[in-house]
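Enquirer: missing the sequence, but the structure's below:
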């Protein structure tokens, strides 16, 4: 049995559910039942076959409605592995840090191309960090305090999953000076990221190697699986090309407001809503979310 979870940014209508069930029936996916998770907000439609066809059939259903299609069994996950920049927070930290050096447009262009998969991630990282050489160390904390905003639904997602026995891991191609405080604020168990090299109160324009890249992100996922977590019970979420390997390897890989290559690689995507969609996707209604 499979399930399609519909989550609206504003209002999910009974007519949207009926239309979705009709599309599934027309596509030969054999819908059998539908239930509200939160009336007017999120609902599940259970069906019998062909999740790939179902996902295609439900594209652009309703008004700003996200749809996650997956197997019904094992939908509640025991591992969350997540990207940070533009996923768990609303900004790209290196771009914002570059603003304090007066070179944000130059670095942001490289970041965008790297996240689209148009540039080698490692080379792009070293090149951008080199441009920050000489920036005062104090700018990092100032940037974090002034620019970093936690993504909507992030706290609820992580804290609810942890309360229900899941392990949570923040893995970023960014920097530990950001991931440490962000992980603590949201509630992640572990954070992994690159280390900026600093001396005499200023950035040296380098990071320690080996860097945290796409391969390292997948390695962290595989290590958790080797530690005893069933692959089918893992959830990976990110937005950039360097998230693709972990997204492809997870039980449920989700592209979050993502770049085109990442969307193509993912089995599911969030286009309209925030990270709370991933709680509904696990069958968890808002009354059961942990908010503090």
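Expert: That came through, no problem. What you are looking at is a predicted structure, and each value in this text was computed from that prediction instead of being measured.
Enquirer: ok, the residue in the chain sticking out farthest from the centre to residue 132 distance?
Expert: Relative to the centre of the chain, the most outlying C-alpha is that of residue 200, 35.7 Å out, by C-alpha atoms, centre = their mean. Distance, residue 200 to residue 132, by C-beta to C-beta, to the nearest Å: 15 Å. In this view, the C-beta of every residue, glycine as well, is placed from N, C-alpha and C.
Enquirer: same check on residue 73?
Expert: 48 Å.
Enquirer: for those two, indicate the residue with more neighbours.
Expert: Neighbour comparison, residue 73 and residue 132: the larger count goes to residue 132, with 22 against 10 (by other C-beta atoms under 10 Å).
Enquirer: how about the contacts made by that one?
Expert: 94, 97, 98, 101, 203, 205 (C-beta atoms under 8 Å, 6 or more residues apart in numbering).
Enquirer: tell me the SS of it?
Expert: Under DSSP: H, G, I helix; E, B strand; the rest coil, the three-state class of residue 132 is coil.
Enquirer: what are the phi and psi values at it?
Expert: phi -90, psi 0 (degrees, to the nearest 10).
Enquirer: can you give me the pLDDT of it?
Expert: pLDDT, residue 132: 97.
Enquirer: repeat that for residue 29.
Expert: For residue 29, the model assigns a pLDDT of 97.
Enquirer: just to check, residue 53 is in contact with residue 25?
Expert: No: look at residue 53 against residue 25 with C-beta atoms under 8 Å: they stay out of range, at 11.7 Å.
Enquirer: need the contact list for the nearest residue to residue 48 once chain neighbours are set aside.
Expert: Here the nearest residue to residue 48 in space, its sequence neighbours aside, is residue 30; by C-beta to C-beta, 6 or more residues apart in numbering that works out to 3.6 Å. By C-beta under 8 Å, 6+ apart, residue 30 lies in contact with 24, 47, 48, 49.
Enquirer: could you turn the buried ones of these into a PyMOL selection?
Expert: Selection of buried members from the contacts of residue 30 for PyMOL, criterion 16 or more other C-beta atoms under 10 Å:
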select buried, resi 24+47
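Enquirer: so can I have JSON lines of the contacts of residue 30 showing secondary structure and distance to residue 257?
Expert: Below are these laid out as JSON lines (DSSP: H, G, I helix; E, B strand; the rest coil; distance: C-beta to C-beta, whole Å):
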{"residue": "24", "secondary structure": "helix", "distance to residue 257": "26"}
{"residue": "47", "secondary structure": "strand", "distance to residue 257": "26"}
{"residue": "48", "secondary structure": "coil", "distance to residue 257": "31"}
{"residue": "49", "secondary structure": "coil", "distance to residue 257": "30"}
